[in-house]
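K.L.:
Test case, fold it:
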Amino acid sequence: MGQAAATPEHRIEAMVAQIGAKGDFPAAARVIQRLYEAVRRESCSALEVARIILIDPGVSSKVLRVVNSAFYRPRGEAISTVTRAVILLGFEAIRDITTGLLLLDQISRTARSSAHFRRLLQRCLGCGLLARTLSLQVRYPTPEEAYLLGLFANWGTLCLAAYCPLEFERARAAADRDGTSVERAIADVFGFHPSALAAAILEHWNFPVRYVDYFRVAHGTGHQPVIGANSTLFAVVALAADYMAAPPRTGPGAATAVLRRYTALFGRDPDDFTVAVSTATDVLREQAPLLGLEPALATLGPAAEAGAPDATGNAAGEAGAPAPNPSKDQSALGILSEITRAILEHEDLNDTLSMVLEGIARSGHFDLVVLALLSPEKDRLVGRLGYGEGLREYLERLSVPLTEGAGVLAQTVLSQRPRVEARGSAALLGEVGRQLPPIPVRSFIATPLIVRGKAIGVLLATRSDGPAVGPSDLTLVQLFANQAGLALARATN
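P.N.:
Numbers count the residues shown, from 1 in each chain. Just a heads-up that it's a prediction; the model follows:
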């Protein structure tokens, strides 16, 4: 079927397929799907959510930077592990923060970074942050949903600018020539409205139906007070999107109309909206470097679209300064300090032990970390927690008798001595002849967990590739094992 004869639906379907094949979008979509599936499970744990996020070191580093921003960080304390971020902010909040960062990171990494594209990227992030701030004002129960849907409010336009730059520039030039909106010009050039593309992408990625409905159901454009959760969500996102889209050539008129609508919809003073804009702008400036945006020029609303010149005369988004590199993972010392705080504050034992496992994996670059403890009868080791791919069944079936000849795990507890195997295999870990689900192991460290002079369990850290484990790795694992032992000792007081 030729392009001229194609229906809007066919054009959108082809565009979704084209975008889905670009860069690492399929990988990002798989991570997002795993996050949603994990959070939906009743048995979901903070460590499981953290492990999925940590698949992408760059994104996990950005997640830690976001949750350490003034917007999120509780009590002013630094957060060094993704596990603790999940514990403090909640599964859904971390899922939505990560989803937004994954998608924005992927599209900014793949796209040709023109000045206009960077302004669109800033508009998406700013809309999400403003929607979240407004949702807090009107007491919407899950503000991270507003944040994520706010990011998606201009997703169709952003994708077209990123992956169809020539056609998009033609649409933008037509909008400037005719004095119309870019969205209307996009519909003329591409044969569909960008909101229809955004809805199709979210539907293709199996996002919740309410996200898709935002683009397909009339909402928040009138002046009647909103009633119901979905109407509240749609209204705050629409207000944020319209404020961010207010064209600079109209002066303050369009933005003022948004403030009036906010008052009519929620019965609040327009100054509240102004405060929300100021708050979201501060956060945008803090988070802008994560996407390679210039923080000093990051602002919300019409000024952002105007490309106002800075002190050097460069338009916003056109400066040639390179984006700062994402921060590296916090040091082992920072993670250990965080675990110590959790122990002293008597936080949940499983949460603390989960941070221990994440700390070992991240600091030592281990693929799998397993915690096994003595059974109530103290006659065998059983699986308690695990970090790594494919460990669920292994943990469920891990049961090693505490006898001589039952493998490295049992011997580590019986001897109370660590074991370092530069060339090892999973077969060495348990008793001979007992079949456990296979796990990839080429080298490993097993160290006992000592509480009041007695070994009550073992920590196992393995690598399936890369450099073999050595003495420096053992020192690191033992540092975390000491923290785990302290947490277990305090929990049994």
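
K.L.:
Now for the chain, the helix or strand with the poorest mean pLDDT.
P.N.:
Using mean pLDDT, DSSP states H and E, the weakest-scoring helix or strand in the chain turns out to be helix 302-306, at a mean of 47.

K.L.:
pLDDT score for the nearest residue to E404 once chain neighbours are set aside?
P.N.:
Ranked by Cβ to Cβ, 6 or more residues apart in numbering and with sequence neighbours excluded, the top spatial neighbour of E404 is L414, at 6.9 Å. Every C-beta, even on glycine, is put in place using the N, C-alpha and C of the backbone. L414 is assigned a predicted lDDT (pLDDT) of 93.

K.L.:
what residues are up against L414?
P.N.:
The neighbours of L414, taking Cβ atoms under 8 Å, 6 or more residues apart in numbering as the test, are L402, E404, A455.

K.L.:
so the last one, which of the three states?
P.N.:
Read that as A455. strand (DSSP: H, G, I helix; E, B strand; the rest coil).

K.L.:
who does it bridge with?
P.N.:
I450 (DSSP bridges).

K.L.:
Run a quick check on it versus L409, I expect a contact.
P.N.:
No. Contact criterion Cβ atoms under 8 Å: A455 and L409 do not qualify, at 11.0 Å.

K.L.:
The two: which is more packed in?
P.N.:
Shown here are A455 and L409; by other Cβ atoms under 10 Å, L409 has more neighbours (26 against 20).

K.L.:
name the element that one belongs to?
P.N.:
In the assignment (DSSP states H and E), L409 maps to helix 408-415.

K.L.:
what's the spacing between that helix and its chain's center?
P.N.:
From the chain centre to the centre of helix 408-415 is a distance of 38 Å (Cα atoms, centre = their mean, to the nearest Å).

K.L.:
V237: neighbour count?
P.N.:
The number of residues packed around V237, counting by other Cβ under 10 Å, is 30.

K.L.:
swap that for A187, sorry
P.N.:
By other Cβ under 10 Å, neighbour count at A187 equals 17.

K.L.:
Then E347?
P.N.:
If we define neighbours as other Cβ under 10 Å, then E347 has 17 of them.

K.L.:
Just say helix, strand or coil for it.
P.N.:
E347 - assigned by three-state DSSP - is coil.

K.L.:
so who does it touch?
P.N.:
By Cβ under 8 Å, 6+ apart, the residues touching E347 are I87.

K.L.:
List the backbone torsions phi and psi for it.
P.N.:
Backbone dihedrals for E347, given as degrees, to the nearest 10, come out at phi -70, psi 170.

K.L.:
could we number from 868 for the rest of this?
P.N.:
That works, and once the first residue is 868, the last one we named lands at E1214.

K.L.:
State the distance from it to A1358.
P.N.:
Using Cβ to Cβ, to the nearest Å, E1214 is found at 10 Å from A1358.

K.L.:
ok, the residue located most distally from the centre of the chain - contacts?
P.N.:
In the chain, the greatest distance from the average C-alpha position (Cα atoms, centre = their mean) is reached by E1271, at 45.2 Å. If a contact means Cβ under 8 Å, 6+ apart, then E1271 has A1277, Q1278, L1281 as its contacts.

K.L.:
wouldn't A1041 be in contact with D1055 here?
P.N.:
Yes. Contact criterion Cβ under 8 Å: A1041 and D1055 qualify, at 6.8 Å.

K.L.:
Which of the two has more residues huddled nearby?
P.N.:
Under the criterion of other Cβ under 10 Å, the comparison of A1041 against D1055 puts A1041 first, with 16 against 13.

K.L.:
Dump the C-alpha coordinates for the strand or helix carrying the more buried one into CSV.
P.N.:
Assigned by DSSP H and E, A1041 belongs to helix 1032-1045. The C-alpha trace of helix 1032-1045 is given here as CSV (Å, rounded to 0.1, in the frame of the first residue of the first chain):
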residue,chain,number,x,y,z
PRO,A,1032,14.0,14.7,11.8
LEU,A,1033,13.6,15.7,8.1
GLU,A,1034,9.9,15.4,8.1
PHE,A,1035,9.6,16.9,11.5
GLU,A,1036,11.6,20.0,10.4
ARG,A,1037,9.3,20.3,7.5
ALA,A,1038,6.3,20.3,9.8
ARG,A,1039,8.0,22.8,12.2
ALA,A,1040,8.8,25.2,9.3
ALA,A,1041,5.2,25.0,8.1
ALA,A,1042,4.0,25.8,11.6
ASP,A,1043,6.2,28.9,11.7
ARG,A,1044,5.1,29.9,8.2
ASP,A,1045,1.4,29.5,8.8
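
K.L.:
Just list what it packs against, helices and strands only.
P.N.:
Secondary-structure packing of helix 1032-1045 (3 or more Cβ pairs under 8 Å, 6 or more residues apart in numbering; DSSP states H and E): helix 1022-1030, helix 1049-1057.

K.L.:
Tell me which of those helices lies nearest to A1354.
P.N.:
Nearest to A1354, of all these, is helix 1022-1030, at 42.8 Å by Cβ to Cβ.

K.L.:
any idea of the angle the closest one forms with helix 1032-1045?
P.N.:
120 degrees (axes from the mean of the first three to the mean of the last three Cα atoms, to 10 degrees).

K.L.:
distance between helix 1022-1030 and the chain's centre?
P.N.:
Its chain's C-alpha centre and that of helix 1022-1030 lie 21 Å apart, by Cα atoms, centre = their mean.

K.L.:
Return the set of buried residues in the strand or helix carrying A1124.
P.N.:
Here A1124 sits within helix 1120-1133, counting by DSSP H and E. Using 16 or more other Cβ atoms under 10 Å as the test for burial, helix 1120-1133 gives A1121, A1122, V1125, L1126, R1128, Y1129, T1130, L1132, F1133.
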